[in-house]
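Chemist: I'll drop the sequence and a predicted model, then ask my questions.
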Amino acid sequence: MKLRSKLAAICAAIVAFLALVGFFGVGRWLVVEDPLEKAQSIAVLSGGMPVRAIEAAKLYRQGYAPEIWLTRSAEPAASLKDMGIPYVGEDYYNLRVLVHEGVPPEAIRVLPEPIVNTADEIAVIAAELGRKAQLERDKNQRVIIVTTKAHTRRVRTLWRKLAAAHGKAMVRAASGDTFDGSHWWRNTTDALDVVREVLGLLNAWAGLLLHPAKVS
């Protein structure tokens, strides 16, 4: 019995140690980036204004791609439209940020299909990349996807699950993002980012069983 108790205590200690390692390390684990190379476009995911657009502008100025794509969120524009309230949309402000940062307006495109979540954005970007492949008769299409730090692993996971056949995506984290993966539990913003991304990854690994709530 004593040996069995000792083994149980050792196992419990190992499980507790691994749980602590996972807890403290998950913030760093969420942040991934791919080596950059020249691409057909730089895509800015919605959210995280203005740091995502600022990063995309920096990459454009460095010559990584000739154009920048913005996605167009369906909400809250749809709900506000039903109330007779005009809403210009986040893509409008991202466009203004890009122009402010030196990107010429003719190099910026707002992809017209409305999106609700990251999976939608990946699908829209992949479809646009596929259209470019057909037009240019070049299957080696590449896109740099700019997002915030904690969001990078989920973006990469979703691209590999949903869009890898359409071309290569290089995930880039906005350097101006203040997310601290080493100490994510110290403030509510970083903690909420970690919880949201872990749940989002679990959903992605499960085959996207959970869908966005419909606006009534």
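Modeler: Looks like it arrived, so ask away. Residues are numbered from 1 along each chain as shown.
Chemist: Residue ranges in this protein under the pLDDT threshold?
Modeler: 1-4, 6-22, 212-216 (pLDDT under 70).
Chemist: repeat that with 50
Modeler: 215-216 (pLDDT under 50).
Chemist: hey, where'd the helices end up in it?
Modeler: Along the chain, the segments classed as helices by DSSP state H run 2-30, 51-61, 77-82, 90-100, 118-136, 152-162, 188-205.
Chemist: who wins for proximity to residue 107 among the ones you listed?
Modeler: helix 51-61 (6.9 Å; C-beta to C-beta). For every residue, glycine as well, the C-beta is placed using N, CA and C.
Chemist: Can you give the distance of the closest one from its chain's centre?
Modeler: 15 Å (C-alpha atoms, centre = their mean, to the nearest Å).
Chemist: Next, the buried residues of that helix.
Modeler: 51-60 (16 or more other C-beta atoms under 10 Å).
Chemist: In CSV, list these along with distance to residue 95.
Modeler: As requested, these are exported to CSV (distance: C-beta to C-beta, whole Å):
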residue, distance to residue 95
51, 15
52, 13
53, 8
54, 13
55, 15
56, 11
57, 11
58, 16
59, 16
60, 13
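Chemist: Can you tell me which of those residues is closest to residue 121?
Modeler: Within the buried residues of helix 51-61, the smallest distance to residue 121 is 11.7 Å, found for residue 52 (C-beta to C-beta).
Chemist: for the buried residues of helix 51-61, which one is nearest residue 110?
Modeler: For the buried residues of helix 51-61, the closest approach to residue 110 (C-beta to C-beta) belongs to residue 53, at 12.2 Å.
Chemist: Check the spacing between the closest one and residue 134 real quick.
Modeler: From residue 53 across to residue 134, the span is 28 Å (C-beta to C-beta, to the nearest Å).
Chemist: Scan this protein for its longest strand.
Modeler: strand 108-115 (DSSP state E).
Chemist: and that strand, C-alpha only, in PDB?
Modeler: Coordinates of each C-alpha in strand 108-115 appear next as PDB, following Å, rounded to 0.1, in the frame of the first residue of the first chain:
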ATOM      1  CA  ILE A 108      -5.500  48.500 -51.400                       C
ATOM      2  CA  ARG A 109      -8.500  46.200 -52.100                       C
ATOM      3  CA  VAL A 110     -11.400  45.500 -49.800                       C
ATOM      4  CA  LEU A 111     -12.600  41.900 -50.500                       C
ATOM      5  CA  PRO A 112     -16.300  42.200 -51.000                       C
ATOM      6  CA  GLU A 113     -17.600  39.000 -49.400                       C
ATOM      7  CA  PRO A 114     -18.800  39.800 -45.800                       C
ATOM      8  CA  ILE A 115     -17.100  37.800 -43.000                       C
END
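Chemist: Now do the same contact list for the nearest residue to residue 81 once chain neighbours are set aside.
Modeler: Once flanking residues are discounted, residue 81 sits nearest to residue 87: 7.2 Å by C-beta to C-beta, 6 or more residues apart in numbering. By C-beta atoms under 8 Å, 6 or more residues apart in numbering, residue 87 lies in contact with 76-77, 80-81.
Chemist: now do 10 Å
Modeler: Residue 87 is in contact with 75-81, counting by C-beta atoms under 10 Å, 6 or more residues apart in numbering.
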